[in-house]
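A.B. asks: Here is my input, please return the structure:
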Amino acid sequence: MSGGLAALLDDIAVLAKMAAASVDDVAAATGKASAKAVGVVVDDTAVTPRYVHGVRPSRELPIIGKIAKGSLRNKLLIILPVALILSQFVPWLLTPILMLGGTYLCYEGAEKIWELVSGHGKAESTTDEVGADQEKTVVSGAIRTDFILSAEIMVIALNEVSDEPFVMRTVVLAVVAILITILVYGVVGVIVKMDDVGLALAKRETSAVAATGRGLVRAMPVVLSTLSAVGIVAMCWVGGHIVLVGADELGWTSPYGIVHHIEVWFHDLIPAIGSVIGWIANTASSAIFGVVWGGLVVAVVHGIPWPWRRTAH
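C.D. replies: Numbering: from 1, shown residues only. Purely as a prediction, here's the structure:
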């Protein structure tokens with residue numbers, strides 16, 4: 001009996017070691033996959049606050065919560081299974097699909113730029129006029145944009161663990177989806193509520209603390225407006241980069257080849273900080289391409305009298 005118990009304990013110990021090793025493997029793979037997606041995570045964080053810009057303070061966190069839930073559903077229920085199936089059976093489809101998503105991002109960014117330049121975007125609702133219907137529109141628009149960024153994040157992560165077994169890939173991508181959603185929308189929640197924190201600090205008796213609070217209150221409108229602008233640029237940057245890299249992978253190498261030559265030229269210009277200015281040059285070139293590409297799509301969508309537009313009137 002004691003021998004059987006000892007054997008059972010040995011088996012449990014072996015299983016525990018295997019489980020621990022699996023957890024370590026998942027953690028390592030998750031870290032590797034997440035690190036590669038950091039660039040898109042930054043863009044996602046910059047894009048989202050513009051969707052609550054001008055919304056009543058009491059509705060900011062509920063709206064962010066709805067967007068976060070939609071983002072998690074996107075990642076776990078749609079993107080994850082589709083990405084796994086495509087990578088398993090038709091991996092060549094991933095690039096064209098990503099390019100379509102990148103084109104949509106370019107379109108979104110270019111359309112916002114056109115609204116700012118033409119003044120058409122200034123008629124948006126003020127803080128006190130946002131009703132349930134418009135809030136639903138804001139949330140659905142944010143979730144659509146998040147879908148593209150989430151797809152990019154998940155595909156980048158998938159690329160990093162493509163050599164892992166199917167189950168390991170599934171677990172890693174699920175963990176990446178949850179962690180990145182918490183990170184992005186946690187940071188966004190903190191950003192948009194900093195003015196409320198400032199108001200609370202401004203009421204404190206300590207003069208230094210109160211001054212800090214007043215500074216936060218004054219700074220946050222500027223910060224949110226800046227983040228809104230950064231979000232627009234980020235959509236053009238990420239979308240342009242997706243389209244350029246996708247075209248390069250499909251054999252049309254000239255556009256991204258030009259961007260790469262620009263990056264190398266700046267990299268070699270000042271070797272001490274070559275990697276930094278090379279990255280900036282690549283990013284700026286991708287953003288410019290994204291604006292141009294998105295502008296062409298905006299012209300097609302809004303410049304052509306499509307039949308459904310006439311019937312809508």
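
A.B. asks: Identify the residue nearest residue 169 in space, chain neighbours excluded?
C.D. replies: Nearest non-adjacent residue to residue 169, counting by Cβ to Cβ, 6 or more residues apart in numbering: residue 161, 5.2 Å away. Using the backbone N, CA and C atoms, a C-beta is placed for each residue, glycine as well.

A.B. asks: what ranges of the stretch 51-200 of the chain fall below the confidence cut-off?
C.D. replies: Applying pLDDT under 70 to the stretch 51-200 of the chain flags the ranges 53-54, 120-131.

A.B. asks: Kindly recompute the last result at 50.
C.D. replies: Applying pLDDT under 50 to the stretch 51-200 of the chain flags the ranges 123-128.

A.B. asks: Show me where it has its helices.
C.D. replies: Assigned helices in the stretch 51-200 of the chain, in chain order: 57-73, 80-89, 94-118, 132-160, 166-192, 194-202 (criterion: DSSP state H, counting those that start in this stretch).

A.B. asks: Mind checking the ones you listed for the one nearest to residue 247?
C.D. replies: Proximity to residue 247 (Cβ to Cβ) singles out helix 94-118 among those, at 7.1 Å.

A.B. asks: Spit out the contact partners of residue 63.
C.D. replies: By Cβ atoms under 8 Å, 6 or more residues apart in numbering, the contact list for residue 63 reads 51-52, 55, 135, 138-139.

A.B. asks: if you set the cut-off to 6 Å instead, what comes out?
C.D. replies: residue 52 (Cβ atoms under 6 Å, 6 or more residues apart in numbering).

A.B. asks: Likewise for the one 4 residues further on?
C.D. replies: Counting by Cβ under 6 Å, 6+ apart, residue 67 touches 139, 142.

A.B. asks: Identify the single longest helix in this protein, thanks.
C.D. replies: Taking DSSP state H as the criterion, the chain has its longest helix at helix 207-249.

A.B. asks: May I see the buried residues of stretch 257-274?
C.D. replies: 259-260, 263, 266-267 (16 or more other Cβ atoms under 10 Å).

A.B. asks: what's the burial count for the residue nearest to residue 169?
C.D. replies: Look at residue 161: counted by other Cβ atoms under 10 Å, it has 21 neighbours.

A.B. asks: Residue 239 is in contact with residue 108, isn't it?
C.D. replies: No - look at residue 239 against residue 108 with Cβ atoms under 6 Å: they stay out of range, at 7.7 Å.

A.B. asks: where's residue 99 relative to residue 49, distance?
C.D. replies: The gap separating residue 99 from residue 49 is 27 Å, by Cβ to Cβ, to the nearest Å.

A.B. asks: quick one: which of these two has more around it?
C.D. replies: residue 49 (23 against 19).

A.B. asks: Now render the buried residues of stretch 257-274 as CSV, adding secondary structure and distance to residue 182.
C.D. replies: Converted to CSV, these look like this (DSSP: H, G, I helix; E, B strand; the rest coil; distance: Cβ to Cβ, whole Å):
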residue, secondary structure, distance to residue 182
259, helix, 33
260, helix, 35
263, helix, 33
266, helix, 36
267, helix, 35
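
A.B. asks: With distance to residue 77 added, can I get those residues in JSON lines?
C.D. replies: Shown next, in JSON lines, are those (distance: Cβ to Cβ, whole Å):
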{"residue": "259", "distance to residue 77": "35"}
{"residue": "260", "distance to residue 77": "37"}
{"residue": "263", "distance to residue 77": "37"}
{"residue": "266", "distance to residue 77": "42"}
{"residue": "267", "distance to residue 77": "41"}
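
A.B. asks: That'll do, ta.
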